[in-house]
Every structure is written in C-alpha cells, then in structure tokens.
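In: Build me a model:
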Amino acid sequence: MKLGLQLGYWGAQPPANGPELVATAEAEGFDAVFAAESWGSDAFTPLAWWGSSTDRVRLGTSVVQISARTPTSCAMHALTLDHLSGGRHILGLGVSGPQVVEGWYGVPFAKPLARTREYVSIIRQVLAREAPVTSAGPHYPLPYTGAGATGLGKPLKPITHPLRSDIPIWLGAEGPKNVALTAEIADGWLAIYYTPRLAPMYNEWLDEGFARPGARRTREDFEIAATCQVVVTDDREGTIAAMKPVTALYVGGMGAPELNFHAQVYRRMGYGDVVDKVTALFRSGRKDEAAAAIPDEMVTETMIVGDLGEVRDGVRRWEEAGVTMLLVSCRDAAQIKELASAVLR
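Out: Coordinates of the predicted model:
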C-alpha cells in the first residue's frame, strides 16, 4: 500500500505548514503529494511552489476541474509541471458539479462523461506532439469555427516538447458510468468515499471499462487511489464523533439537494434514509443535529480509525479490496510520521 498526502484546497488562507508537510511526506516515504481546487486556490501552483523543494515524491492534482481550463490549457499546465518536477506529475481531473461549473465558471454542466472523454483525448494529443491538435468537438472543437469565429484559427502543436508523452491521467469518479469510463481511458481512479464492502460492485464497473475496445490499461497496471482518513488513536469513539460534521457537510450540504454526487455514493452504500434526514437537517440550518444523525458505521465505512493494530488490519482490508494508494490528510508533521510508521514500516 502506498500513501499520498492530500493537501486539498485552501480555505480563507494558505496553510502555514504546507512546506513542512510536503517535506515530511517525502522524507517518510510517501509516494505522492496532491493538491485540489474548488473556487479559491488552484491545484497546480502549490505543487510547483512547494514541490520545488522535493526530489522524489510524485506531484498530483486531486482534482483539477475540467471546466476551469480548456483541454489545451490544462495540457500546458501538465507538461510544464512535469518538466519542472523531472517527470513526477500526475494529472488528476474531475468534472466537479453543476453549482460550481455553472455558478463559478459560467459554462454548461451537461454531458459530463462526453466532455471528459473529449477533454482527455485532446490532452493526450498535446502530450503526444505527433501532429497539430484538432478536435471535431462538439464540446471543445479545434480549431473553433462557431459563432463569432474569425475563420483564422489554425491547428497547432505545442512549442514545448513534453518531457513525457504519457503523463499519468487519473480521473475522479463516483458513479458507475464515470468509473467505467475511467477504467477505459485513464491510468488511475481517484476514488472518494470508497468502502471495501462494495469492492465487488466497484470491480464490476471497472471491469466494464477494462473490457472496452481500445482500453488504455488492465487491472494489473491501473492505480486506485482512495481518499481515506487514517487515524491512529485509542479514542476511537471520540474520533468518529469529531468526523461526523464533515460527513454531514458533504452528504447534506454539498451540491444541490436534487443533485449531490457525494450523497448518491452513500445511497449506494444503503444509507438512503440517513441521507434524506441529514440533508433536511443540514439545509434547514440544524447542522449539529445533522451530524448527530449520522451513525458511526457510516463514518467508518470510508475511513480507518483505531489503535495501531486496528489501523493495520484496516489497511490490509483496503489493499485486499484493490486499493493501491490511500490519500490521507494530515494536520502536522507528527501525524505524517505516525501514519508512515503504521502503514509503510
């Protein structure tokens, strides 16, 4: 099992100990460091800035929102960071949700699967640098010939030769169709709210993608990086209680009530009634009650919490389910060292 440090996206201010976290993760044997974005900080800049002091860890986005940049712009970011890091970049992509895509980026959210397929295809053209990049669209036509076009658009190849033509592309995916698409066209799956209990269902979705004509990978060379809070503690009950407000936020407060991808994941786990209750409480401003309505097992489904023996048993269970990397968030260097000792030693 590998460990990836999830730095996430910034709140009101950048984390003061970001450089220390990154340096400690590399020193303790973490495989990768990831940064995210929402509607504040971006994902690439922290990796370039803090990653400049590293030599070994891979630097990944988890995730870059595809509506934030055109596919050629995203490819430029990726090939630049890959050069600067000496070939250590992982490009993690995700579609986000309609509230962010239409409310923040001002573009339609429709057809996320088709947009993802076209987006990845264009990025791979840029990185291959075999010919001028073109796309028939309909989402990202190149050259653009639609309304307002001058007719002067010209297919281009990147001026800069990519260091690697096969920069790994991982996709953040939650539903069956998106996971199958990920197995078909990507190099890895960024799984959020993964639970080993449902591994047979996930494997069915993945196998559908692997079996498609032209699939890029097989299960043997495909990476599954699952977001998972791992906490070594003797106070299991108290730690679980402290995590419930975050679960309530994502289940009840993220996205629109009628379209919350995180809530859909928990419905597939069998928590439909709880999701309905938590959503109603959270959106009526009763956030403490929403957190209290979440049963302990709903938290521990997607996290590993307990003493050292329980944590190591949990890690083995996730590994046996097919997960190759745990994406963990750490508050300080001491926690990074603790997790490295528990998981990697």
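
In: Now do the same contact list for the residue positioned nearest the centre of the chain.
Out: By CA atoms, centre = their mean, the chain has its centre lying nearest to residue 62, at 3.7 Å. Listed by CB atoms under 8 Å, 6 or more residues apart in numbering, the contact set of residue 62 reads 4, 6, 34-36, 43, 92, 170, 172, 190, 225, 227, 327. Any C-beta I mention is one placed from the backbone N, CA and C, and that applies to glycine too.

In: Apply 6 Å and report the result again.
Out: When contacts are counted by CB atoms under 6 Å, 6 or more residues apart in numbering, residue 62 touches 34, 36, 92, 190.

In: and the first one, bridged to which residues?
Out: So the one you mean is residue 34. Applying DSSP bridges to residue 34 gives these bridge partners: residue 6, residue 60.

In: Tell me which stretches of the stretch 101-250 of the chain form strands.
Out: Applying DSSP state E, counting those that start in this stretch to the stretch 101-250 of the chain gives strands spanning 169-172, 188-191, 223-227, 230-232.

In: mind checking which of the ones you listed is nearest residue 318?
Out: Proximity to residue 318, assessed across these by CB to CB, is greatest for strand 223-227 (6.8 Å).

In: Send over the closest one as CSV, restricted to the C-alpha atoms.
Out: Provided in CSV are the C-alpha atoms of strand 223-227 (Å, rounded to 0.1, in the frame of the first residue of the first chain):
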residue,chain,number,x,y,z
GLU,A,223,-3.8,2.6,-10.0
ILE,A,224,-6.7,3.1,-7.5
ALA,A,225,-6.1,6.0,-5.1
ALA,A,226,-8.8,6.2,-2.5
THR,A,227,-9.4,9.2,-0.2
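
In: Walk me through which strands that strand pairs with, and which way each runs.
Out: When pairing is defined by DSSP bridges, strand 223-227 lines up against strand 188-191 (parallel), strand 325-328 (parallel).

In: Tell me which of the ones you listed is the most buried.
Out: Mean neighbour count (mean count of other CB atoms under 10 Å) peaks for strand 188-191 among the strands paired with strand 223-227, with a mean of 26.

In: And the average pLDDT for that one is what?
Out: Confidence for strand 188-191, expressed as mean pLDDT, is 98.

In: quick one: low-confidence parts of the stretch 1-150 of the chain?
Out: Regions of the stretch 1-150 of the chain meeting the criterion pLDDT under 70 are absent.

In: let's see 90
Out: In the predicted model of the stretch 1-150 of the chain, residues 97, 99 satisfy pLDDT under 90.
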